[in-house]
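Undergrad: Everything below, folded, please.
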Amino acid sequence: MPELVFFSGTMDCGKSTLALQIAHNRSARGLQGVIFTRDDRAGEGKLSSRLGLVTEAVEATAGMDLYGYLVGQLSQGGRVDYVIADEAQFLAPEQIDELARVVDDLGLDVFAFGITADFRTKLFPGSQRLIELADRIEALQVEALCWCGARATHNARTVGGEMVVEGAQVVIGDVDSPAKDVGYEVLCRSHHRRRMTSASAQAGALSPDVLPVASD
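TA: So this is what the prediction gives:
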C-alpha cells in the first residue's frame, strides 16, 4: 500500500542525505520519481546534502499545486513511481494535503523530509500538517549533537553567535558558520532554554568573570 511517510529530525541529522539515498536506490531499480524541494542551500531547483551530494529537483514554490503538477506529468505521458519532498517544513498545509492526495488518488509513495520545530520550538505549519496526516512518522537515527556533547533536540537561530528567539519563522542562514550574521545551531534542550550557544559558551569560558558551565 502506498504511504505518506514523514522523516523528521533536527538540522544536521541527515534528512537530505537519506532523501538522496532513497532516490538513488529506486533509480538503480529502474524507478522514476519526482523530487520537490524548497529553499535548498544549493539554490533553486536543487536537493543537496552537507556531504556534498546534489541532484536536480522541482522547486515547490508558494502556491504551487503539487498534486496538479504530478497529474500534469502523468497526463503528458511521463512516468512517476514515487515522490520525494525535501524541506517539507516550508510547504504550506494545503500543499501537504496535496501530497496526501497523491498517495490516496494516484497510488504513489510520498517521502517527506523536514524539521519539526523552528528556532522558537514552535511547529512549522507544514510539519504540523504532516504529523496530522502521515501514515508513518520516522525519527532520523543519526543524532546531531549539541556543543556540549549531548543529543541535540532543538534548533537555534543565532545572530553573531548569540541565540535569538524572535523574528520571522523562515530566514535563510548558514549552519556551518553560525557566528557570522544569521546562522543556525543545534542544541540540547537545556542549553536551548538557557540560550547558550557554542560561541557564548566559549566566550563565557574565556572570561575571567564567568565560570565555565558544566555539560549536561
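
Undergrad: List phi and psi for Q128.
TA: phi -60, psi -40 (degrees, to the nearest 10).

Undergrad: Not counting sequence-adjacent ones, nearest residue to it?
TA: Closest residue to Q128 apart from its sequence neighbours, by Cβ to Cβ, 6 or more residues apart in numbering: P93 at 7.3 Å. Any C-beta I mention is one placed from the backbone N, CA and C, and that applies to glycine too.

Undergrad: Pull the number of nearby residues for that neighbour.
TA: Per other Cβ atoms under 10 Å, the neighbour tally for P93 reads 16.

Undergrad: how near is it to T55?
TA: 27 Å (Cβ to Cβ, to the nearest Å).

Undergrad: try F90
TA: 18 Å.

Undergrad: Also C188?
TA: For C188, the distance to T55 - Cβ to Cβ - is 32 Å.

Undergrad: the more surrounded of these two?
TA: Neighbours were counted for C188 and for T55 using other Cβ under 10 Å; C188 has more, 21 against 18.

Undergrad: got the contact list for the closest residue to E56 other than its chain neighbours?
TA: Leaving aside its sequence neighbours, E56 sits nearest to G45 (Cβ to Cβ, 6+ apart; 6.3 Å). Contact criterion Cβ atoms under 8 Å, 6 or more residues apart in numbering gives 37, 56-59 as the residues in contact with G45.

Undergrad: now the strands for this structure?
TA: If you assign secondary structure with DSSP state E, the strands in the chain sit at 4-8, 33-37, 46-48, 54-56, 58-59, 82-85, 109-114, 136-139, 154-159, 162-164, 182-187.
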